[in-house]
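Colleague: output the structure for:
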Amino acid sequence: MAKFKKTPVAGFLGGLIIILLSISLGGKLSFFFNLPALLMTIGGSFFASLVIYDLGTIKNLGSKIYWAFTFEPQDAEPLIELAKNLAQKVRQDGIMCLEEEAHKVENSFFRKGVELIIEAESPEYTQNILQKEIQSTRKSVQTEIQLLKTWALLAPAFGLLGGIISLIQLLFHLRYPGQLGAGAATALLPIFYGLIISYLFCFPLVEKLELQNERDYLLKTAMLECIMAIQSGLNPRRLEEKLRLLLDLEVVVDA
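Modeller: Reported below is the predicted structural model:
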């Protein structure tokens, strides 16, 4: 099971703690809890999202949020060394030598590519299958990113709507001027909740998922290049240079 990364968890919890600490220093935390306001902000924005996205997309959001907090960028150097070794063995012993090496490949995408080579599939078929998987994964994450962007816009909007409803109820039932202060404060709570959802949760997750999605896409594209190069019998040295240029790494020149 993947471990949660410390930095994003610390950022989210730190932001929440700062907000709670600021509230507690100026008053009681209980003043900032209002169930109708929470229902309007969270429930309203959730059901509005259902109008745009299907339930399956919303269900998949949890797995993408988990990915955002557990994503471990893979070091490119081990990938380059692995690709060089496999390319060298194929040039020396032929494609079938990969049968002994496939189970040693930890990355599932790279291992799938090696298995396609072993099955003697055509280079065009191998490239097509792997490209479809890359695009499918990328599109799936982009859909969840768009969902988060939508939620980030809807939450403050429903917070504002909740605030308007509270003000209408306040003015309708207002009997004494002393009721105005507490009622107005309550009317601001749904707006407060909407801003927290949007700017502490949704927008940071959008930026993180977009960054991780691009890193994942670049790495898998490099892996695809590895697979195609190994299958074509490319010189290991040329393969290393190609990967370093693709991954924007320093090209090592022999003395």
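Colleague: CA atoms for contacts and neighbours, from now on please.
Modeller: OK.
Colleague: what number of residues lie near the spatially closest residue to Phe32 that is not a sequence neighbour?
Modeller: Closest residue in space to Phe32, ignoring its immediate chain neighbours: Leu189 at 6.7 Å, by Cα to Cα, 6 or more residues apart in numbering. Applying the criterion other Cα atoms under 10 Å, we find 25 residues in the vicinity of Leu189.
Colleague: on the three-state scheme, Ala184 is what?
Modeller: Under the three-state scheme (DSSP: H, G, I helix; E, B strand; the rest coil), the conformation of Ala184 reads as helix.
Colleague: I'd say it and Leu167 touch.
Modeller: Yes. When contacts are counted by Cα atoms under 8 Å, Ala184 is listed as touching Leu167 (6.7 Å).
Colleague: for the two, indicate the residue with more neighbours.
Modeller: Under the criterion of other Cα under 10 Å, the comparison of Ala184 against Leu167 puts Leu167 first, with 19 against 15.
Colleague: what helices or strands is the helix or strand encompassing that one leaning on?
Modeller: Secondary structure from DSSP states H and E places Leu167 in helix 123-173. Contacts defined by 3 or more Cα pairs under 8 Å, 6 or more residues apart in numbering; DSSP states H and E place helix 123-173 against helix 35-38, helix 44-52, helix 55-70, helix 108-118, helix 179-196, helix 203-232.
Colleague: so which elements touch the helix or strand following the last one?
Modeller: Following the chain from helix 203-232 toward its C-terminal end, the next helix or strand by DSSP H and E is helix 236-246. Using 3+ Cα pairs under 8 Å, 6+ apart as the contact criterion, the secondary-structure elements in contact with helix 236-246 are helix 76-93, helix 203-232.
Colleague: pick the most buried one from the ones you listed.
Modeller: Relative to the other members of the helices and strands packed on helix 236-246, helix 203-232 carries the highest mean neighbour count by mean count of other Cα atoms under 10 Å, namely a mean of 19.
Colleague: so what secondary structure elements neighbour that helix?
Modeller: Where contact means 3+ Cα pairs under 8 Å, 6+ apart, helix 203-232 is packed against helix 55-70, helix 76-93, helix 108-118, helix 123-173, helix 236-246.
Colleague: that concludes my questions; thank you for your assistance.
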